[in-house]
Structure formats: C-alpha cells, structure tokens
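S.K.: Return atomic coordinates for the entry below.
(one chain, ligands or ions: 1)
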Amino acid sequence: MIHGSAARRLLPALAVAAGFLFSGAAYALPLHVDRLDASDTYSLSEIMQALEPVIAAKKADGSAIIMSWEALYAPLSIPQRKFLDLFRQLKAADLGATSHYFGEAPPADLEPVGLQQITRQGQPETLPPQYLPRPVLEAYRRMMAAMRAAIGRELMVDSGYRAPAYQLYLFLFYMPKHGRSITETNRFVALPGHSEHGYPPRQAIDFVSLEGVDGDGDPEAFEALPEYTWLQAHAREFGFVLSYPRGNALNTSFEPWHWHYEGRD
Ligand SMILES: [Zn+2]
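M.R.: Purely as a prediction, here's the structure:
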C-alpha cells in the first residue's frame with residue numbers, strides 16, 4: 001500500500017500509466033479498417049504468437065475447426081481479449097462489403113463426418129476431420145447414396161462446420177498477407193458470423209470430388225464435373241441449395257462447390 005504524500009504524488013502518475021497500459025488506449029479506439037495502425041499491428045502479432053501453440057495442438061487433433069470462443073480466448077490477456085472483441089463487433093457492412101451477416105447460432109449437434117479418402121494427382125490422401133450438424137450429415141449421406149446409385153460417383157466434405165472462433169483466427173492469420181487491411185482481408189476470408197460454414201441453421205458444405213477437384217481449383221473445373229451436373233438436378237430434393245451461382249446478387253464469386261442446407265420444406 002502507498003500512504004500519505006508519496007501516494008498523492010504517485011497516484012496520478014500511476015493512473016496515467018494504468019490508463020495507457022490497461023484501459024486500452026489503443027484497444028478502445030475503433031480499429032483502422034483500411035490498415036491497422038502500429039499499435040494494433042503489434043497487438044495482433046503478440047496475439048498470434050500466444051495462439052500459435054494452441055491452434056497447432058488443435059489442428060493436430062482435428063478440433064481446431066470446432067473450437068469455442070473460450071478456447072480461443074484462454075491463452076490471451078484481458079486487453080488482448082478486448083482487442084478480439086473489436087473484430088467480433090465488425091460487420092461486413094462497416095467495410096463497404098455486401099456479405100450477409102448471419103449472426104451467431106446456438107451450438108449445433110455436431111457429428112464427425114468420418115474417415116474421408118480421395119486421390120489427388122494419383123496419390124491417396126486422407127482429408128482432415130470434418131463435422132456437420134446431425135440433420136445435415138444425414139441429408140448429405142442420403143444425397144450421396146442417391147448420387148452413387150445414379151452416376152456411380154460421390155463427393156466428399158472438403159469443409160463443413162467451421163466455428164466462429166476459428167473463423168476469426170483464420171481472418172487474423174491472413175491479415176498480414178493482405179497488408180494488415182481488414183477491408184482487403186474480408187474480400188478473401190469471411191468475418192465471424194458472416195460464413196454459412198459457421199451457421200448451422202444454414203450449414204454450408206464445400207465439396208471435393210474423389211479425384212481432388214475442389215474449391216482451390218478453378219470454378220470451371222468443378223462446374224465440369226458430372227457430380228455438379230447431378231447436384232444441379234437433384235440437390236434440392238435433399239435440402240441442399242447452391243449459395244453462390246454465377247452472377248449472384250451477393251456480389252460473391254461463383255462457387256460451384258459451396259452448397260448450403262435449407263431442409264426439405
Ligand atoms: Zn464454402
């Protein structure tokens with residue numbers, strides 16, 4: 001404890017220092033969306049360093065894509081958590097973007113998709129673990145049974161559920177590659193709450209063919225698959241809808257691999 005005149009001399013200085021260090025002089029300001037300022041850039045790199053071992057461990061056991069906000073925040077200080085909160089409050093509309101804000105959904109009844117194996121450029125490959133809400137996984141399995149019966153082919157789940165906490169991690173991870181600009185990063189990575197992959201009431205699946213044709217390739221390659229032709233004719237019967245057709249009004253690029261579940265009614 002500090003008493004007497006020493007306290008009277010010290011406290012204002014401490015208050016200033018505490019205000020600078022902890023009230024988040026940097027964090028309380030709105031984020032500079034066109035390019036993070038120097039202070040926020042430093043905060044971001046410290047946060048990524050703190051998260052790196054946690055994310056690496058979760059990637060190794062396949063649980064990164066279903067991680068909770070609590071798990072993401074656990075290794076961070078209070079000011080760092082407040083910094084992430086600023087990102088969670090961002091809406092695409094604040095960035096002049098048109099992506100739809102779905103919000104956060106209650107935790108879904110997630111099921112592992114199970115072992116998935118494909119062949120890519122002649123090499124066998126096991127896909128990383130994926131998860132889907134139970135009704136979506138059941139609808140996907142029914143749809144693939146029908147596709148196999150009709151054309152003798154099927155599609156694997158390249159990307160299913162992605163937790164909003166992991167979505168934010170991805171967004172932060174890619175920021176340095178896009179000039180530390182939130183606006184620019186948002187053209188390539190959705191903000192949390194803005195992805196159908198993290199919104200079980202409208203759960204998205206990115207498909208990959210058994211030969212490895214996926215969303216990393218060109219849309220025309222996926223569009224040329226007989227599997228895609230079959231989906232166009234029959235996916236609706238199983239509750240799946242193409243989210244981003246050519247020339248969609250959402251100003252999102254054509255993604256023939258990305259379908260979302262709406263149910264059968
Ligand atoms: Zn997708």
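S.K.: Would you indicate which residues of the longest helix seen in the chain are buried?
M.R.: Scanning the chain for the helix with the most residues, using DSSP state H, yields helix 38-60. By neighbour count on 16 or more other CB atoms under 10 Å, the buried set for helix 38-60 is Asp40, Ser43, Leu44, Ile47, Leu51, Val54, Ile55, Lys58. Where you see a C-beta, it was placed from the backbone N, CA and C, and this is true even at glycine.
S.K.: and what of stretch 110-121?
M.R.: Neighbour-count burial for stretch 110-121 flags Leu110, Glu111, Val113, Gln116, Ile118 (criterion: 16+ other CB under 10 Å).
S.K.: picking that back up, now do the longest helix of the chain: distance to the chain's middle.
M.R.: Distance, stretch centre to chain centre, for helix 38-60: 16 Å (CA atoms, centre = their mean, to the nearest Å).
S.K.: burial count for Leu95?
M.R.: Counted by other CB atoms under 10 Å, the residues lying close to Leu95 total 19.
S.K.: wait, isn't it in contact with Val33?
M.R.: Yes: applying CB atoms under 8 Å, one finds Leu95 in contact with Val33, separated by 5.7 Å.
S.K.: Mutual contacts of the two, please.
M.R.: Ile182, Thr183 (CB atoms under 8 Å, 6 or more residues apart in numbering).
S.K.: Give the closest residue to the residue minimising distance to the centre of the chain in space, chain neighbours not counted.
M.R.: Centroid-nearest residue in the chain: Gln167, 2.6 Å away (criterion: CA atoms, centre = their mean). Computed as CB to CB, 6 or more residues apart in numbering, the closest residue to Gln167 that is not its neighbour in sequence is Pro192, at 4.5 Å.
S.K.: likewise Gly215?
M.R.: Gly215 sits nearest to Trp257 (CB to CB, 6+ apart), 4.4 Å away.
S.K.: which residues sit in contact with that neighbour?
M.R.: Neighbour list for Trp257: Asp158, Asp206, Phe207, Val208, Asp214, Gly215, Phe222 [criterion: CB under 8 Å, 6+ apart].
S.K.: Done for today, thanks.
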